[in-house]
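Asker: Just need the structure, nothing else, for what follows:
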Amino acid sequence: MKDVTGGPGISRLQRGSNNSAIGLGKELGRGGEGAVFPVTGAPDLVAKIYLKPPAPAKAEKLRSMAQNASPALLRVAAWPVDVLADPTGAVRGFLMPKVSAREDVHELYSPKSRRRFFPNVDFRFVVRAGTNIARAFAQVHAVGNVIGDVNHGNALVGRDGTVVLIDCDSFQVRDGARLYTCDVGVPLFTPPELAGRPFRGLRRTANHDAFGLAVLLFHLLYIGRHPFAGKFADGEMPIERAIAESRFVYGANAASFGMTPPPGTLTLDAFGVDVAQLFERAFAPPGEQPRPAATQWIEVLQALESRLQTCRDSAAHFFPKRPGGPDGSAPGCCWCALERSTGLRLFSVQRQTFDELGTAKLAPIWDAIMAVPKPEPVDELEVPQIAELEIETQDPLGPLPRAVLSWLLVGLAICALMFDPGKHVLLAGMVFAASLGLRWKTRKVKWWKPERSQAIYRSMFMARKHLVYVIHAWNEIAADKRFETLLHRLNDLKQQVLQMPQRRAERMDAMLAEAAKLQRYKFLDQIPLDKAALPKVSRQEISMLAAFDIDSAAEVLAYSEKMNGLVSEPARVQILAWANACSRRFVFDPSQGTDPVDVQQVELVLQHEQDSLLDEMRVGQEELERLASELSEARKKRERDLEAARKAVANSTQEHAP
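Answerer: Residues are numbered from 1 along each chain as shown. So this is what the prediction gives:
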């Protein structure tokens, strides 16, 4: 075997517990400190061999860890189980359980990496993984140890959601009175009270770990966001400074710190008050109150998973049940709202291929709609005029006698004035007025025949008036088009379902037309920004861009304007030049066609739309049945009312007849 230190080859390594020789296979991976190899004859173990022999204190630490390995620790951590020494007895590495089929926890953060490494998982899986991270922390703390160097890379997640901690040889370990410190750390996971302090020889506590655990969980639940990355009202605010000054971007006091979250983010209470309160405590300024322990996170995250419910609009969405608003309405799906605001598809699940015809689901629904009895059309009735009830009377004098009598009275008035004008002027005026009255006559008058009482006539009038009311009510039913309107709407929905195959074909054609563009984006999306050699760009600036979902060459080119204000101008220019250089390396491959992942996304969207249409048709069928029953009952009632009203008018008319 080749010596991993670069010196002379090591012919033999032996276990520290029994001095038995072991053989190593082909190198599995290499880090800054050492390389990992399979162990011949022990498929459940791997060996970590240091590039440089560890210091005596580190060797003693490894021996202590191996001696104190327990089944509980080995379930959650790649814990040393034995040291490996060379023929001189010098410790060169250690044995640990083999960890396979697992990915770094940060691959579970964003939708993009989640689709690649954890396809078809939903938010329940994310919460369960977070709970298992807290369990692993709790187990390490239970035996008096501290992780210390909390970061994205020391937690691996399996396809079943279980979690294993790695790089355990860097943990802070206690063996009786002896304390082996953790001499490394990542500032973005380091609590504010330790900000700026050297890690070598630094004594850590479980309360320090609690800060890093909360950062990990926040990344996990809030789609990769860092709790201290946001907009600062007075200029730039590096994440390390925001941590040191406890400027929790999503907290209740964020505005007083001049901090606002990045766009397209969830609110802190999106998963419930209990989750929000733990984060507020974890990221509050250091004080006497300890941060939430890992065991508290286990309890709260288990409760969160238990109250997750399926979204009615997307089978891929699971969101927490929460109390309703002040109007009693239930809060909607947080993932649907976030997808609408960002245009991203956050979760996807493997479902049956899109049903191109849809007839299997559509046919029984449409048959049930057609089975609803359709109300027969009815004609509107003419509304009679109440004025027809007035009684027309004849002039008893007749036109000629009335005229003769009128002229006689005029002559009499003239004679009276001629004989004695002063004495008979009043009499002449009265006679003249009477003659004018005889000239006035009325064709239609209301009067009561003396042989009938006023009560009988009022009965006839009220019967006619009630008939008019009943006819108006009947005409409202005749003009009611709600059934026809709803049936027309349901037919439109049916046509939309039948057109889904055509829409799918159009979408696929559009995807093929955009194949080069999609291939370019996917090519550039596989080139991470944090792996680029950019001397003018600091790690802090790369972390800030990642907080705004700019972490690949594709997103640099797509969101170049968003970088203004997030990084310095020299850094922005160099990042854009790097992304454009990456783009020039792209070569379109027409043989690749359409990416199956993209096809699945289109099918999922169409399936959701089709399911929504069918659900609306089911609701429409129920409403149609209700309308048919309502209109039928109303028509029967109005028919009875109309018959009774007509009979009452007929009876009253007979009573009024002379």
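Asker: From here on, just use CA atoms for contacts and neighbour counts.
Answerer: Will do.
Asker: Same question for the nearest residue to Arg507 once chain neighbours are set aside, what's its three-state structure.
Answerer: Here the nearest residue to Arg507 in space, its sequence neighbours aside, is Val602; by Cα to Cα, 6 or more residues apart in numbering that works out to 7.5 Å. Secondary structure, DSSP: H, G, I helix; E, B strand; the rest coil: Val602 is helix.
Asker: what's the answer for the one 10 residues further on, then?
Answerer: Using three-state DSSP, the three-state assignment for Ser612 comes out as helix.
Asker: What about it, how many residues nearby?
Answerer: Ser612: 17 surrounding residues under other Cα atoms under 10 Å.
Asker: correct me, but it touches Asp313?
Answerer: Yes - Ser612 is in contact with Asp313 according to Cα atoms under 8 Å; the separation is 7.2 Å.
Asker: coming back round to it: for the residue nearest to Arg507, give its distance to Glu555.
Answerer: 22 Å (Cα to Cα, to the nearest Å).
Asker: ok, now Arg203?
Answerer: Relative to Glu555, and taking Cα to Cα, Arg203 is found at 40 Å.
Asker: And the closest residue to Lys26 other than its chain neighbours, how close does it get to Ala77?
Answerer: Spatially, and ignoring its direct neighbours in sequence, Lys26 is nearest to Phe37 (6.1 Å; Cα to Cα, 6+ apart). Here the criterion is Cα to Cα. By it, Phe37 lies 18 Å from Ala77.
Asker: Look at those two and report which has more neighbours.
Answerer: Ala77 (26 against 20).
Asker: Phe171 is in contact with the more buried one, correct?
Answerer: No - Ala77 is beyond contact range of Phe171, at 11.0 Å (criterion: Cα under 8 Å).
Asker: Can you report how many residues lie near Ala55?
Answerer: Neighbours of Ala55 (other Cα under 10 Å): 12.
Asker: Ramachandran angles for it?
Answerer: Backbone geometry at Ala55, expressed as degrees, to the nearest 10, gives phi -60, psi 160.
Asker: Just want to check the distance between it and Arg92.
Answerer: 10 Å.
Asker: one step back: which residues touch the residue nearest to Lys26?
Answerer: Leu24, Gly25, Lys26, Glu27, Leu28, Gly29, Val46, Ala47, Lys48, Ile49 (Cα atoms under 8 Å, 6 or more residues apart in numbering).
Asker: tell me what the strand or helix carrying Asn132 is packed against?
Answerer: Following DSSP states H and E, one finds Asn132 within helix 123-142. Here helix 123-142 touches helix 71-76, strand 163-165, helix 206-221, helix 294-306, strand 318-320, going by 3 or more Cα pairs under 8 Å, 6 or more residues apart in numbering; DSSP states H and E.
Asker: what residues does it touch?
Answerer: Contacts with helix 123-142, where a contact means Cα under 8 Å, 6+ apart, come from 72-73, 76-77, 108, 146-147, 155, 157, 161-165, 206, 213, 217, 220-221, 293-295, 297-298, 301-302, 304-305, 308, 317-319, 347.
Asker: Derive a ChimeraX selection command for the buried subset of those.
Answerer: With 16 or more other Cα atoms under 10 Å as the criterion, this ChimeraX line picks the buried residues out of the contacts of helix 123-142:
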select :73,76,77,108,146,147,155,157,161,162,163,164,165,206,213,217,220,221,293,294,295,297,298,301,304,305,308,317,318,319,347
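Asker: Report the helix or strand with the lowest average pLDDT across the protein.
Answerer: Least confident element among the helices and strands of the chain, by mean pLDDT, DSSP states H and E: helix 421-439 (a mean of 60).
Asker: For the helix or strand that comes right after it, name the packing helices and strands.
Answerer: Using DSSP H and E, the next helix or strand after helix 421-439 towards the C-terminus is helix 454-478. Judged by 3+ Cα pairs under 8 Å, 6+ apart, the packing partners of helix 454-478 are helix 596-656.
Asker: Next, the angle from the helix it packs on to helix 454-478.
Answerer: 160 degrees (axes from the mean of the first three to the mean of the last three Cα atoms, to 10 degrees).
Asker: Distance from helix 596-656 to the middle of the chain?
Answerer: 33 Å (Cα atoms, centre = their mean, to the nearest Å).
Asker: And it, what does it pack against?
Answerer: helix 359-370, helix 454-478, helix 482-498, helix 500-513.
Asker: Could you chop this structure up by domain?
Answerer: Split into domains by automatic domain parsing, the chain comes to 13-57+81-98, 103-336, 351-393+444-658.
Asker: Now do Ala294 against Asp167, distance only.
Answerer: 19 Å.
Asker: To clarify, my last question referred to Ala138.
Answerer: Distance, Ala138 to Asp167, using Cα to Cα: 17 Å.
Asker: Between these two, tell me which one has more neighbours.
Answerer: Ala138 (22 against 16).
Asker: Give me the residue ranges of the stretch 51-200 of the chain where confidence is low.
Answerer: Within the stretch 51-200 of the chain, no range satisfies pLDDT under 70.
Asker: Low-confidence ranges, the stretch 501-650 of the chain, go.
Answerer: Residues of the stretch 501-650 of the chain that meet the cut-off, pLDDT under 70, sit at 513, 590-598, 600.
Asker: do that again at 80, thanks
Answerer: 505, 508-518, 587-605, 607-608, 649-650 (pLDDT under 80).
Asker: What's the local residue count around Cys333?
Answerer: 20.
Asker: and the nearest residue to it once chain neighbours are set aside, what pLDDT?
Answerer: Spatial nearest neighbour of Cys333, excluding adjacent residues (Cα to Cα, 6+ apart): Phe319 at 5.8 Å. Predicted confidence (pLDDT) for Phe319: 92.
Asker: before we move on, what about the one 10 residues further on?
Answerer: Reported pLDDT at Ser329 in the predicted model: 38.
Asker: Run a quick neighbour tally on Gly371.
Answerer: I think there's a mix-up here, since residue 371 is Ala and not Gly. Neighbours of Ala371 (other Cα under 10 Å): 11.
Asker: Next up, phi/psi of it, please.
Answerer: Residue torsions, per degrees, to the nearest 10, at Ala371 are phi -80, psi -10.
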